[in-house]
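Enquirer: Coordinates for the following, if possible.
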Amino acid sequence: MNPRLLRPTASIFNPKSIAGLKVWYDVGYTPSLTFNGSTVSEIADLSGNGFNATQDIANNQPTYSATAANGRPRLAFDSTDLLLSTATVADYFLNPTTAPEFTFIAACYAPPYPAGSLNWGSNAQANGRVLIVSNFGSGGNVIIDIANASGGRLSGAIAEPTSDPHIMTFYRHTANMAFRVDGVTLLSKSNASGNFTTTTAQLQIGKTGDGGTGSNFFSEVLVYAGALSPSQLAAAERGLGRKWGISVA
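Expert: The predicted structure is shown next:
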């Protein structure tokens, strides 16, 4: 028998194989990028929903590198860089005004604070905020606000990795919230509360409406409107891990 027939076929994860995909940015797919020299002014949404993320101001555009993420592409953001998506809370959350559900999975990282702070979320709006910041302040603090900063907040000081890249996951599944790195849950709560009263806040990468300082790096971003099952979550995290050369539990 031909030995090649005995070799396992490497599976390629397709984010669209999981229902609810709303936003998909892949820095590794260069046709989706609009270049302005060494920076990127737009990244196209590969989900099919047309939620492209743009930046018209040259000084605020992230810098592209073809080999900086385990020999693979990434975008580097400094303290002023920002890509603003057309996707709003109403687009990438399921039931935002009654029982918010969304799942964010990305190949990304931020160096130790104060050099870096991983910022992702929305422009600040009263009762309409999505704020996710990692490596904020000393001690590896992670702050996640979904809908509000009281019942919808998950935070803690953890031993968070600060080398590039890692698979980081944030989610709010009604009352359940979690922050995961490389397939391992580092922070969680099961009594999250609060719903969105404003759903027009736009998704931002690199800097949120509440500011944020330092550098951070993204290679791929997936956003699902809804809760993923444990098997779906594992498939997505491991799929991105294989693609970006990251070991995932």
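
Enquirer: I'd like to know which elements the worst-scoring helix or strand of the chain on mean pLDDT is packed against.
Expert: Taking mean pLDDT, DSSP states H and E as the measure, strand 118-122 is the helix or strand of the chain with the lowest mean score, a mean of 80. Secondary-structure packing of strand 118-122 (3 or more Cβ pairs under 8 Å, 6 or more residues apart in numbering; DSSP states H and E): strand 101-109, strand 129-134, strand 202-205, strand 216-224. C-betas here are computed from N, CA, C, even on glycine.

Enquirer: That one pairs with which strands, and in what direction?
Expert: The pairing partners recorded for strand 118-122 under DSSP bridges are strand 129-134 (antiparallel), strand 202-205 (antiparallel).

Enquirer: comparing those, which gets the lowest mean pLDDT score?
Expert: Mean pLDDT is lowest for strand 129-134 out of the strands paired with strand 118-122, coming in at a mean of 82.

Enquirer: what does it rub up against?
Expert: The set of residues external to strand 129-134 that reach it, using Cβ atoms under 8 Å, 6 or more residues apart in numbering, is 89, 104, 110, 117-122, 124, 140-149, 160, 168, 170, 179, 201, 203, 208-210, 212.

Enquirer: hmm, 6 Å instead?
Expert: 110, 117-122, 142-145, 170, 208, 210 (Cβ atoms under 6 Å, 6 or more residues apart in numbering).

Enquirer: if we can go back for a sec, who wins for proximity to residue 164 among the strands paired with strand 118-122?
Expert: strand 129-134 (13.3 Å; Cβ to Cβ).

Enquirer: Kindly state which of the helices and strands packed on strand 118-122 is positioned closest to residue 38.
Expert: strand 216-224 (14.9 Å).

Enquirer: what mean pLDDT does that closest one have?
Expert: 93.

Enquirer: Any idea how far that strand is from the middle of the chain?
Expert: The chain centroid and the centroid of strand 216-224 are separated by 4 Å under Cα atoms, centre = their mean, to the nearest Å.

Enquirer: so after that strand, what's the next helix or strand?
Expert: helix 230-244 (DSSP states H and E).

Enquirer: Residue 12 versus residue 170, what's the distance?
Expert: 24 Å (Cβ to Cβ, to the nearest Å).

Enquirer: Closest to the centroid, which residue in this structure?
Expert: residue 106 (4.3 Å; Cα atoms, centre = their mean).

Enquirer: ok, the closest residue in space to that residue that isn't next to it in sequence - how many residues close by?
Expert: Nearest residue to residue 106, sequence neighbours excluded (Cβ to Cβ, 6 or more residues apart in numbering): residue 221, at 4.6 Å. A count of neighbours around residue 221, defined by other Cβ atoms under 10 Å, yields 24.

Enquirer: So, low pLDDT: which residues of this protein?
Expert: 1-11, 113-116, 123-127, 136-139, 208-214 (pLDDT under 70).

Enquirer: follow-up on the earlier one: so the residue nearest to the centre of the chain bridges to which residues?
Expert: Those that pair with residue 106 in a beta bridge, by DSSP bridges, are residue 168, residue 221.

Enquirer: and residue 153, what is it in contact with?
Expert: Applying Cβ under 6 Å, 6+ apart, the residues near residue 153 are residue 145.

Enquirer: try residue 88
Expert: With Cβ under 6 Å, 6+ apart, residue 88 has these contacts: 200, 202.
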